[in-house]
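1. here is the input, now give the coordinates:
(chains A, B, C and D)
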Protein chains: 2
Amino acid sequence: MSRNPLNDLAGLGDYLREQRLSHRLSLRQLSELAGISNPYLSQIERGLKRPSAEILQQLAKGLEVSAETLYVKAGILEHHPEAESTTSTVRDAIAADPNLTDRQRATLLDIYESFTGADPQR
Amino acid sequence: MSRNPLNDLAGLGDYLREQRLSHRLSLRQLSELAGISNPYLSQIERGLKRPSAEILQQLAKGLEVSAETLYVKAGILEHHPEAESTTSTVRDAIAADPNLTDRQRATLLDIYESFTGADPQR
DNA sequence: GCATTCTGCTAACTAGAGCAAGCACAATGG
DNA sequence: CCATTGTGCTTGCTCTAGTTAGCAGAATGC
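-> Numbers count the residues shown, from 1 in each chain, chains lettered A, B, ... in the order given. Presented below is the predicted three-dimensional model:
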């Protein structure tokens, strides 16, 4: 009984806190974005409370993450039926992003590949 | 205000009752299959109570329907046919990548945001 | 020094999900 | 004619998700 995806509220909480911090948001800022109270968000992140799907939906919006991702972490959705070869997803997203210059694209891909230890051209 | 998928508990209830009857199950039979109480199932079908995702998951199992279907009916999932093109953002892709550690995720997001000049909030 | 304004957290409460027990009504059949 | 067994539903309760109000500490500025 360590890291069961079901009823693993601590894992979900950790993930939410990471996401919030990586977006440089305070508890109050995210709670307002998501339309929930800040003490409650605090309790969710610490794994003290089990948020409903509605709350997860609003948090997903505030964090600019897909609701499905949070549902999977919360154990109410199976991990994507047709998960494409995970290795190419981030690359595709970077390649398709119109907000990046070509140089920025290349830099991001380099960093990503250094992280995953992948060969540059798959 | 006709058939809004969100907060449309009557529509969900009707659907559940149809499914149950088409499987020729009584309230008690299905409630036992799903591991919930029969009065509660009755109230759900009549749109008096709003079931949680966990309950919907168990009902889906008892009715041999996908949980996603019920989630969509309950308004907690977008009708996500398959091709997710619009919102396949770099952020989502990075967040969902299981090959990254949490620190790496945060680092990549930082860099990405510095590139796009995105205000972390918004 | 001490206000102010952030940060996250605790405490006390309200509303509603979900439960067990039991009711009313039909249909059986002894 | 009554007992049984099935159906769905009502009542009253427990427990917890989610709330508002307020607290302690760190960082700013007067």
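
2. hmm, who's touching the worst-scoring helix or strand of chain A on mean pLDDT?
-> Least confident helix or strand of chain A, by mean pLDDT, DSSP states H and E, is helix A:86-96 with a mean of 72. Residues from elsewhere that reach helix A:86-96, judged by C-beta atoms under 8 Å, 6 or more residues apart in numbering or on different chains: A:100, A:105, A:108-109, A:112, A:116, A:118, A:122, B:88-90, B:92-94, B:96-99. The C-beta positions use only the backbone N, C-alpha and C, and glycine is treated the same way.

3. ok, 6 Å please
-> The contact list for helix A:86-96 (C-beta atoms under 6 Å, 6 or more residues apart in numbering or on different chains) reads A:R105, A:L108, A:L109, A:Y112, B:S88, B:V90, B:A93, B:I94, B:D97.

4. then stretch A:46-55?
-> Contacts of stretch A:46-55 (C-beta under 6 Å, 6+ apart): A:L9, A:A10, A:G13, A:I36, A:Q43, A:I44, B:A53, B:I76.

5. state the pLDDT value of A:Y112.
-> Note for A:Y112: predicted pLDDT of 83.

6. residues near it, how many?
-> By the criterion of other C-beta atoms under 10 Å in any protein chain shown, A:Y112 has 22 neighbours.

7. for it, helix, strand, or coil?
-> Each residue gets one of three states, and A:Y112 gets helix by DSSP: H, G, I helix; E, B strand; the rest coil.

8. quickly note the distance from it to chain B.
-> 6 Å (C-beta to the nearest C-beta, to the nearest Å).

9. show me the contacts for that residue.
-> Counting by C-beta under 6 Å, 6+ apart, A:Y112 touches A:V90.

10. one more time with 7 Å
-> Residues near A:Y112 by C-beta atoms under 7 Å, 6 or more residues apart in numbering or on different chains: A:V90, B:L108.

11. how close does it sit to DNA strand D?
-> 33 Å (C-beta to the nearest atom of the strand, to the nearest Å).

12. repeat that for A:R17.
-> Taking C-beta to the nearest atom of the strand, one finds A:R17 at 16 Å from DNA strand D.

13. report the spatially nearest residue to that residue, omitting neighbours in sequence.
-> Of all residues not flanking A:R17 in the chain, A:E45 sits nearest, at 4.3 Å (C-beta to C-beta, 6 or more residues apart in numbering or on different chains).

14. check the one you found and give its pLDDT.
-> Looking at A:E45, its pLDDT is 97.

15. what is the neighbour count of it?
-> 23.

16. what does A:D102 give?
-> 7.

17. could you dump the contacts of helix A:86-96 to CSV with distance to A:E18?
-> Putting the contacts of helix A:86-96 into CSV (distance: C-beta to C-beta, whole Å) gives the following:
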residue, distance to A:E18
A:R105, 25
A:L108, 19
A:L109, 23
A:Y112, 18
B:S88, 21
B:V90, 17
B:A93, 16
B:I94, 12
B:D97, 13
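
18. pLDDT at A:S26, what is it?
-> pLDDT at A:S26 comes out at 95.

19. and it, how many neighbours does it have?
-> A:S26: 12 neighbours (other C-beta under 10 Å).
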